[in-house]
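[1] Coordinates only, no sequence provided:
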């Protein structure tokens, strides 16, 4: 049996999403920039998808720009803020996605902006009082980039509160919503936020496509120079089938959000209960145990075991797919920067992220728990 518990890395494609994409991989193959019937068909489908996504978020279609995914959108938001909007300070945290942290470090190294890190509380949440102090500090206009929910420890940022603080200080606010898009309701009419981004493959859409929301009135230069697609913001022929699939996936996610949340939360709580009862000394990292946290993610540190450094590999050999952190840092060998950032990286202990979706079953957890119990008790290899 093979069990997939790595949905924070990517989710399986919903069959109905695949059906929506198929015509645009076969008969409706026209280039959206072409003026003939074939091209107009593709262009119309793209604009319908844009309107559908905007409707889910409570924004205007002109505020949605299609990208290759969340990383590109993170980079784009920061480039526009610093290079076009005059932001001289970047305020973020040590546990953000690497697409934000590395870009911020690059901006600082090139002398374009100063990087400031907001303090973290012991459970990994942002220290709001310190954020307020940073926003009131000197050094020029600020760009604040804080993710809506952490992809490793499930902590959820109070978007409304942070947006209001940024608005009061005149800061530009960006939130990476890759993990929450389609899982949490987001109404941009009630939020002070200038940039927001998502990736389709995190909510049962296709890989290689995402979008960025850019509040009306903000304009940046094209970061991919070419044919002027996406209203001059991103040159290059659009991923038509991917865009169609993403819009369909988000429609389904938003329409059934409550049911999907109940299912995934039940799975998460079931696994937590079994871990507590069957693995003495297990620890849940960050705010994972909070029912209001990101219900698709559970980060677990296991008690000391001789095979801690092989735990994830051995779990995979037993047919259970999980991860040690962000999939975008899968080549890293020094451990999770998120757990290190909150002081939860423990020598001699394995920390594993399990993540769930509406397709995860209790039987999957039962199988995984059987294997986990065996590995915790496994003697060291000679």
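    Happy to help now that I have it. These figures come from a predicted structure and were not determined experimentally.
[2] OK, contacts around residue 345?
    335-336, 339, 351 (C-beta atoms under 8 Å, 6 or more residues apart in numbering). For the C-beta atoms, the positions are set from N, CA and C on the backbone; glycine is no exception.
[3] of all those, which comes closest to residue 241?
    residue 336 (34.2 Å; C-beta to C-beta).
[4] Can you tell me how far the closest one is from residue 291?
    Separation of residue 336 from residue 291 (C-beta to C-beta, to the nearest Å): 23 Å.
[5] Check residue 270 too.
    Residue 270 sits 13 Å away from residue 291, taking C-beta to C-beta as the criterion.
[6] and the two? which has more neighbours close in?
    Counted by other C-beta atoms under 10 Å, residue 270 and residue 291 do not tie: residue 270 has more neighbours, with 16 against 8.
[7] what sits up against the helix or strand that one falls within?
    Assessed by DSSP states H and E, residue 270 sits inside helix 257-278. Contact with helix 257-278 is made by 182-185, 253, 282, 284, 288-289, 291, 295-298, 300, 354, 356-358, 360-362, 364-365, 368-369, 372-373, as judged by C-beta under 8 Å, 6+ apart.
[8] Are any of the residues you listed buried, and if so which?
    Buried subset of those (neighbour count, 16 or more other C-beta atoms under 10 Å): 182-184, 253, 282, 284, 288-289, 295-298, 300, 354, 356-358, 360, 364-365, 368-369, 372.
[9] Which ones among those map onto helices?
    Mapping the buried ones among the contacts of helix 257-278 onto helices (DSSP state H) picks out 253, 364-365, 368-369, 372.
[10] the domain parsing of this structure - what is it?
    Domain assignment of the chain by automatic domain parsing yields the ranges 3-12+257-376, 15-255.
[11] Where among these is average confidence lowest?
    Looking at those, the lowest mean pLDDT belongs to domain 3-12+257-376 (a mean of 91).
[12] what sits against the closest residue to residue 237 other than its chain neighbours?
    With C-beta to C-beta, 6 or more residues apart in numbering as the criterion, residue 237 has its nearest non-adjacent residue at 6.0 Å, and that residue is residue 31. Residue 31 makes contacts with 38-39, 42, 237, as judged by C-beta under 8 Å, 6+ apart.
[13] So residue 31, which state does it fall into?
    coil (DSSP: H, G, I helix; E, B strand; the rest coil).
[14] Residue 69 touches residue 206, doesn't it?
    No. Counting by C-beta atoms under 8 Å, residue 206 is not a contact partner of residue 69; they are 10.3 Å apart.
[15] hmm, back to that, between the contacts of residue 31, identify the one with the most neighbours.
    residue 42 (23 neighbours).
[16] can you tell me how far it sits from residue 173?
    34 Å.
[17] The residue nearest to residue 237 and residue 234: what is the separation?
    Taking C-beta to C-beta, one finds residue 31 at 16 Å from residue 234.
[18] Tell me the gap between the helix holding residue 270 and the middle of its chain.
    The chain centre lies 20 Å from the centre of helix 257-278; the measure is C-alpha atoms, centre = their mean, to the nearest Å.
[19] same deal with stretch 140-159?
    Distance of stretch 140-159 from the chain centroid (C-alpha atoms, centre = their mean) equals 11 Å.
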